[in-house]
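**Student:** Pasted the sequence and its predicted model underneath.
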Amino acid sequence: MKGAAEEKGAQGANARTNAAASADALTAAPAAVDCGTAIGAQSTFTIIAGPCAVESRTQLAQVAATVSELGLHHLRAGAYKPRTSPYSFQGLGAKALPMLRDVAAEFNLRTVTEICDPAHADAVADVADILQIGTRNMANYALLKTVGRLAAVRQKPVLLKRGMAATIEEWLQAAEYLRCEDAAVLFCERGIRTFETATRFTLDVMAVPLVKQLAAATVLVDVSHATGRADLVPAAARAALAAGADGIMVEVHPDPAHAKSDGRQSLTPAQLMQLCAELTPLAVACGKKIV
Ligand code: PEP
Ligand code: MN
């Protein structure tokens, strides 16, 4: 339990952090975020790949093998899945965490997985190198505070998805909840709701340069949720790279047709290889190496 003076001191520290963050936003160049392998370095374009959800050890390992073979370093996979329908697959939950830990260790990959509930936060942080906050929780301020504190203590960055109906201003404010706890934040644009229904969401490409400019931050693009269609993922990835994103997040499943979630937007491992091959010359032209 914190005493009143300590609490006040902490608030003071937070206020200073806020002021410093605002000043930094005007002057600083975005700093790479260290998470075992840096994300956001000027010369790299990070690809975080993996299934929407951990379904089995074998499924995860099949994707991890390709991620590692491509020389990438980050494996994504949800253990806890925040689904729109309560009748949809909710993730394997706690059972998925050791699978994620073991497969990542086997292929020497860093892990990105979502925290949906403060009750799971510690257990997730035990296996995650990057703590993901999903679009449905961007404005869950109690969760942001818990995860922000945890991220600062564990020295693990938070990947903050943009709320699907959040303005850039609201997204920046949500990030402040994390930053004022001294957590490092990776912003992730993942598409927003518009009147358009041809794609699952609408990729707001201009969010990339805007947030980089306004928050002096690392900005990634989730090209899978932004489109909802595997065939559009390569174009979204090219747009992200050309717009100056620091990387992309992409869903990959060994058998998308039978995926328990988000199969329509998932690439096969072979398609991930093709995507990397296609992006390489563009990355080189942008002075970046795909990692
Ligand atoms: C996810 O990354 O699998 C996910 C659920 O993303 P979002 O929160 O952006 O929908
Ligand atoms: Mn998904």
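**Tutor:** Cool, the structure landed. Ligands and ions are numbered 1, 2, ... in the order given.
**Student:** By proximity to ligand 2, which residue of the stretch 101-250 of the chain wins?
**Tutor:** Closest residue of the stretch 101-250 of the chain to ligand 2, CB to the ion: residue 225 (6.0 Å). Quick note: C-beta positions are derived from backbone N, CA and C, even for glycine.
**Student:** Let me see the backbone angles for that residue.
**Tutor:** The phi/psi pair for residue 225 (degrees, to the nearest 10) reads phi -70, psi -30.
**Student:** got the contact list for residue 133?
**Tutor:** Contacts for residue 133 (CB atoms under 8 Å, 6 or more residues apart in numbering) come out as 114-115, 140, 143-144, 147, 158-161.
**Student:** Just the closest of those to residue 175, please.
**Tutor:** Distance to residue 175, by CB to CB, is smallest for residue 160 among the contacts of residue 133, at 5.6 Å.
**Student:** element containing the nearest residue to residue 128 once chain neighbours are set aside?
**Tutor:** The shortest distance from residue 128 to any residue other than its chain neighbours is 4.7 Å, reached at residue 113 (CB to CB, 6 or more residues apart in numbering). Assigned by DSSP states H and E, residue 113 belongs to strand 110-114.
**Student:** Convert the helix or strand following that strand to PDB, retaining C-alpha atoms only.
**Tutor:** Toward the C-terminus, strand 110-114 is succeeded by helix 121-127 as the next helix or strand (DSSP H and E). Below are the C-alpha coordinates for helix 121-127, written out as PDB (Å, rounded to 0.1, in the frame of the first residue of the first chain):
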ATOM      1  CA  ALA A 121      -1.500  -9.500 -16.600                       C
ATOM      2  CA  ASP A 122       1.300 -11.100 -14.500                       C
ATOM      3  CA  ALA A 123       1.000 -14.500 -16.100                       C
ATOM      4  CA  VAL A 124       1.000 -13.000 -19.600                       C
ATOM      5  CA  ALA A 125       4.000 -10.800 -18.800                       C
ATOM      6  CA  ASP A 126       5.900 -13.900 -17.700                       C
ATOM      7  CA  VAL A 127       6.000 -15.100 -21.300                       C
END
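**Student:** about what we covered before: the residue of the stretch 101-250 of the chain closest to ligand 2 reaches residue 265, doesn't it?
**Tutor:** Yes. The criterion here is CB atoms under 8 Å, and residue 225 meets it with residue 265 at 6.9 Å.
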